[in-house]
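**Q** sequence and predicted structure are below.
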4 protein chains.
Amino acid sequence: MIRAAVIGATGYAGSQLVALLASHPAVSLTYLASHSYSGQYFGSVYPSLEPICNLMLHEEQIEEAAKISDVIFLALPHGMASFKVTSDLLAHCVVIDLGADFRLKDSSVYEAWYKTHHPSTHLLEESVYGLCELHRSAIEKAQLIANPGCYTTCSILTLAPLLSAGLIDHTSIIIDSASGTSGAGRSEKVDSLFCEVNENYKAYGVATHRHTPEIEQELSLLQNKEVVVQFTPHLVPMNRGILSTCYANLKDGVEEGEIGDAYRRFYQGEPFIRLMDQQLPETRFVRSTNVCAIGWRVDERTRRVIAIGAIDNLVKGAAGQAVQNMNIRFGIDETMGLSTLVARGL
Amino acid sequence: MIRAAVIGATGYAGSQLVALLASHPAVSLTYLASHSYSGQYFGSVYPSLEPICNLMLHEEQIEEAAKISDVIFLALPHGMASFKVTSDLLAHCVVIDLGADFRLKDSSVYEAWYKTHHPSTHLLEESVYGLCELHRSAIEKAQLIANPGCYTTCSILTLAPLLSAGLIDHTSIIIDSASGTSGAGRSEKVDSLFCEVNENYKAYGVATHRHTPEIEQELSLLQNKEVVVQFTPHLVPMNRGILSTCYANLKDGVEEGEIGDAYRRFYQGEPFIRLMDQQLPETRFVRSTNVCAIGWRVDERTRRVIAIGAIDNLVKGAAGQAVQNMNIRFGIDETMGLSTLVARGL
Amino acid sequence: MIRAAVIGATGYAGSQLVALLASHPAVSLTYLASHSYSGQYFGSVYPSLEPICNLMLHEEQIEEAAKISDVIFLALPHGMASFKVTSDLLAHCVVIDLGADFRLKDSSVYEAWYKTHHPSTHLLEESVYGLCELHRSAIEKAQLIANPGCYTTCSILTLAPLLSAGLIDHTSIIIDSASGTSGAGRSEKVDSLFCEVNENYKAYGVATHRHTPEIEQELSLLQNKEVVVQFTPHLVPMNRGILSTCYANLKDGVEEGEIGDAYRRFYQGEPFIRLMDQQLPETRFVRSTNVCAIGWRVDERTRRVIAIGAIDNLVKGAAGQAVQNMNIRFGIDETMGLSTLVARGL
Amino acid sequence: MIRAAVIGATGYAGSQLVALLASHPAVSLTYLASHSYSGQYFGSVYPSLEPICNLMLHEEQIEEAAKISDVIFLALPHGMASFKVTSDLLAHCVVIDLGADFRLKDSSVYEAWYKTHHPSTHLLEESVYGLCELHRSAIEKAQLIANPGCYTTCSILTLAPLLSAGLIDHTSIIIDSASGTSGAGRSEKVDSLFCEVNENYKAYGVATHRHTPEIEQELSLLQNKEVVVQFTPHLVPMNRGILSTCYANLKDGVEEGEIGDAYRRFYQGEPFIRLMDQQLPETRFVRSTNVCAIGWRVDERTRRVIAIGAIDNLVKGAAGQAVQNMNIRFGIDETMGLSTLVARGL
């Protein structure tokens, strides 16, 4: 059994992770930490999950957690993990960080977008960007895995085959995304109150959202050139789900059939990619699953491709991909503990 | 022009009150106070309302407000108004309190349900319970008006004619209510977050909700006997609206036709009561209006009447009724500033 | 493997049933019928479920289905199953009917509430009311199982221990329920449109809802006397979930502790009953599970018990209980195919 | 008083129109037609609106309506108005058509996108595109006014000043929009059921939506060149509201300040345009109002402007603009009957 600890167990991503790990056949949960609810039982904070996990929540002591764990998941606000993860810790156990601290290879980019100093830049080289479908072989050997952001997972997976196959003008990419409200986390903010979100739709972080450089880093690797994207997130009055509607100009001569070929080739055999046939993806098609569903249309009038991806932001966009990363790293079946997450009809 | 001040202008009830007063033809808003947002403009907190009101928000100084106002509205958390309202203040202006502090005539009942000492019990005799349809003549002369609670307004108005006409067994009353989430206010609580409320339905405050004694006080006055009720509120994933489903045993011999007669007689000429004909009330029928819609069914199998009332909790359940009280108190048309609040189709 | 057919596979209950059966380890789906979508693939109607089931949908031919099935599930509008089920059919396979036709033992009660003639009253004696926790031993041997309604499952399970232990006045029972909108089915009605349901709360079927006699039949069996109940359903703007808030007068001398004892005794060892400890049930605590969660409060002021039950209307209230019935009938583990339905945090 | 008839009074746009006209100080409603509900009273179909309008609904007879009306509003499915409007009818009264039939000047464009023959192309020259802010003087004299679509109103108003001032590359325009569900109308379709829309977000009509040529027609007029746009609508689980997020490449040398200048100049004095200051528009800011709120950001990294517009799809996107058109045409105050539509806080 893989012994697992979760630091930040009571946020939305953290609790989804606890739910997945608690029912994972190869995992034994050894330690849960929560600053807000330390001293309480997990099931009292999440009564819906009590039947599968009711461990005590501790005030975080990461060294103690390391002693009884093979893997530590960090589900903390941005800027905290980089203070907690040390080479010493990594010598004892694998760390999978669901935050942003180790995602950007270039610390100056991190500091520009996050407006904060990075205290452990020496670990950035060692960390592996945990987008499973792109970096599987590096993940197998990684000791520090930077689990990608939710918008980024959805957007990169939707665009990767197009760039990889050289079908689109890499300077023309516009990503218009929308997310359910769990993406804003469980912190007590007026903007996240029911009455502020319900019956409303808005854009936010226009031209400034911090997932932008993460998308650019990965798309640039695929393109072998610096890719700059336009990324705009929106907030939808629903709990779960992200949809990315991605626009790009087709290169001269590219024909519609090449698009489908590129997707099928790129994602052949991938257990968590679902290429839609006739219908386009909708967020409900993947709710509570670890799947990224992708569809596309070519507009001959404008010579653009519109590629659309959908994920569950808390699963493939956070906790599910973290488990997938763990499965890859520990050499077990990549779908273990994730396969039962079939979307229900409603 | 009636000069009006609002203390607690940025909560949900307070902001609805500002919206109503700002477009009221006989009112001039002179002063807004908000602890959370003092120093900011009202329109920056409520951009949707900026076009009708963009006054500066002050840190509350009630004596200053009194100097420039004929009426002060208090929309504060329970337990605060009783410290702020003084005989001196009442000598200068009318006070309409949207909180609970002056609603219960018996301070021991207040202290039992609110678990707190009442610091100004001498004002309880002077205060008038501002349920307009029941206490209109007292309101006309009141200097301190205790605006009723949302659940209480809906429940009392729904049951009053039945008790007044002596048609029901007053020991058998059960009130099962449900409210939109704005009833929980705009404070930053996990329980009010979108993801906690959406796709959920729950009871709360079972057997302990503080609107219970208020309902009992008013029904007892109508029955001329002590009435004890069972009251259970529920939380609905919607912004606005309260529905009260009220159950009572019919007295022997009471016939169905007497129910309708009692309602029509009791509410004849009332501008804000709508007796439904064939259909039962739904919360959307009264959304954004000051109307209480009432319907009923007699169940001959069980010999019970099921009476159902619906209001908008922020309007008739709070700000609208406060304006109605002001209109009555200042001798202007009772519907002024409230008549345009017609529910839209959606 | 149990060979299973579903007639009415594309309604909300039917599709949930397909989802459960398709991932059930001991079941092989052999036949799906849908009048509205015959000739299409199941996955094209429910893209979210395509990865687990993509059988062709047939125009129903029940005899053909019987030839290749051990069990036929009927998920049809009320009044159809009683024309389709015959003694001959039952000689070939087990029938589990999710509709109302075989639930009421007294055909005159059926005809009074459903305003229609019952064409196969001779089967009513043979049919077993499939509320698993109450009729397990009869279900084990039944050839025709009448799967209970959603409101009824929730209400009966919530009240059964109180009546069985003789703790409440059986003439005083009031059941105030609320359901998510999937309970109205997938038929194309104005009343079920998003804009009609969203931001609204209403009662319906007051004093006339057809689940009433079903609740009364089962409670009367428990009480050994005719029980008449007041039942009022409400519609909540959410997809899934039912909450029943049940009121009853305590018999003289009954003490609070006896309530909890009665529940724990009655439901000891039941895999799908969850007695809440401190918190009361909320619909999200059981979403997508086959669990009925129950909590209660005693109000000493009124000498009433308020017992609250919550289920997922499509699972324990329909498809999940149908699978549970199948498991019981075929002598396999009662929780098989249902245990992975753990509610997620959101 | 302007005598007004509404044909198609019970759809969502039609009923909103009835609500506005019934409370319009200069209008007398003379005639309502509804195919689905003919013979019933308007208030029985829309109980929330009964207090302001309870006319009988007729089976449409447009000539009869013309005899008693100065203006006829058509709120019919696409393709019907072009059969009903004749030169003879226009000789008797003004027609304001909320459908698509007379919006596109080039009937071949109409026929290409709507896949249907246009039976009255001779009226296309006469009809005026009723986007008030762009065509006010023509509207003043028009006998046939083609009220614009919802997405088109929002998108054109958001982009017009940028094209008019020559600030953007007109080949680079991408419009990513999202709408509340009332935009799909009140017809009984599975796709509009609550459970299909709730907790979901999807794109639809990708590269094929019929509002595209309407946007292109108007932007081309402003640009004096053929403008081709990419337009993608999405469906949001809310009742009302449209948000258009519009992307365009800035021409070389254009500076951020020019954007704001262009908007302020273009919309100076417009009563229903609200240029946001610091905040970007959200759909709730304009709910139930006739306002189009517009904000923008310049992204210097990408040299793009992201301009965002928000309207209420049923008001400025349909019924409100129709009333605004009527006001202009009949020479009364353009804001009459629309000014009380102030967005509430929630």
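**A** All right, it came through fine. Numbering: from 1, shown residues only, chains lettered A, B, ... in the order given.

**Q** now A:Glu86: closest residue in space that isn't a chain neighbour?
**A** One thing to correct before we go on: residue A:86 is Thr, not Glu. A:Ser120 (7.5 Å; Cβ to Cβ, 6 or more residues apart in numbering or on different chains). (Each C-beta comes from the backbone N, C-alpha and C, glycine too.)

**Q** for A:Ser108, see how far away the one you found is.
**A** Going from A:Ser120 to A:Ser108 by Cβ to Cβ, to the nearest Å gives 15 Å.

**Q** neighbour count for these two, which is higher?
**A** Set A:Ser120 next to A:Ser108 and count neighbours by other Cβ atoms under 10 Å in any protein chain shown: A:Ser120 wins out with 19 against 10.

**Q** quick one: residues contacting the more buried one.
**A** A:Ser82, A:Phe83, A:Val85, A:Thr86 (Cβ atoms under 8 Å, 6 or more residues apart in numbering or on different chains).

**Q** filter these to the buried ones?
**A** A:Ser82, A:Val85 (16 or more other Cβ atoms under 10 Å in any protein chain shown).

**Q** now, which of the contacts of A:Ser120 sits nearest chain D?
**A** A:Ser82 (24.9 Å; Cβ to the nearest Cβ).

**Q** OK, contacts around the closest one?
**A** By Cβ under 8 Å, 6+ apart, the neighbours of A:Ser82 are A:Asp101, A:Phe102, A:His118, A:Pro119, A:Ser120, A:Leu123.

**Q** 7 Å instead?
**A** A:Asp101, A:His118, A:Pro119, A:Ser120 (Cβ atoms under 7 Å, 6 or more residues apart in numbering or on different chains).

**Q** what average pLDDT does the helix or strand containing it get?
**A** In the assignment (DSSP states H and E), A:Ser82 maps to helix A:81-84. Computed over helix A:81-84, the mean pLDDT rounds to 94.

**Q** now A:Lys202: closest residue in space that isn't a chain neighbour?
**A** D:Glu282 (3.8 Å).

**Q** what are the buried residues along stretch A:24-40?
**A** A:His24, A:Val27, A:Leu29, A:Thr30, A:Tyr31, A:Leu32, A:Ala33, A:Ser34, A:Tyr37.

**Q** same question for stretch A:165-184.
**A** A:165, A:167-168, A:170, A:172-184.

**Q** quick one on the thing from earlier: which one of the contacts of A:Ser120 is nearest to chain C?
**A** Of the contacts of A:Ser120, the one sitting nearest to chain C (Cβ to the nearest Cβ) turns out to be A:Val85, at 25.5 Å.

**Q** and the gap between whatever residue of the stretch 1-150 of chain A ends up closest to chain B and D:Lys189?
**A** Going by Cβ to the nearest Cβ, chain B is nearest to A:Tyr12 of the stretch 1-150 of chain A, at 6.8 Å. Distance of A:Tyr12 to D:Lys189, given as Cβ to Cβ: 33 Å.

**Q** swap in A:His58?
**A** Counting by Cβ to Cβ - A:His58 and D:Lys189 are separated by 52 Å.

**Q** neighbour-wise, which of these two wins?
**A** Set A:His58 next to D:Lys189 and count neighbours by other Cβ under 10 Å: A:His58 wins out with 19 against 12.

**Q** distance from the helix or strand following the helix holding A:Ser82 to the middle of the chain?
**A** Next along the chain after helix A:81-84, taking DSSP H and E as the criterion, comes helix A:87-92. Here the centre of helix A:87-92 is set off from its chain's centre by 24 Å, with Cα atoms, centre = their mean, to the nearest Å.

**Q** what comes up buried for helix A:87-92?
**A** A:Leu89, A:Leu90, A:His92.

**Q** likewise for stretch A:64-80?
**A** Under the neighbour-count criterion of 16+ other Cβ under 10 Å, stretch A:64-80 has A:Ala65, A:Ala66, A:Ser69, A:Asp70, A:Val71, A:Ile72, A:Phe73, A:Leu74, A:Ala75, A:Leu76, A:Gly79, A:Met80 buried.

**Q** can you lay out the contacts of A:Ser120 as CSV showing distance to A:Gly130?
**A** As requested, the contacts of A:Ser120 are exported to CSV (distance: Cβ to Cβ, whole Å):
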residue, distance to A:Gly130
A:Ser82, 16
A:Phe83, 20
A:Val85, 14
A:Thr86, 19
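
**Q** tell me how chain A divides into domains.
**A** The record's domain parsing of chain A by automatic domain parsing lists A:2-148+A:315-329, A:151-311.

**Q** so which of those domains gets nearest D:Ile328?
**A** domain A:151-311 (29.6 Å; Cβ to Cβ).

**Q** many thanks, have a good one.
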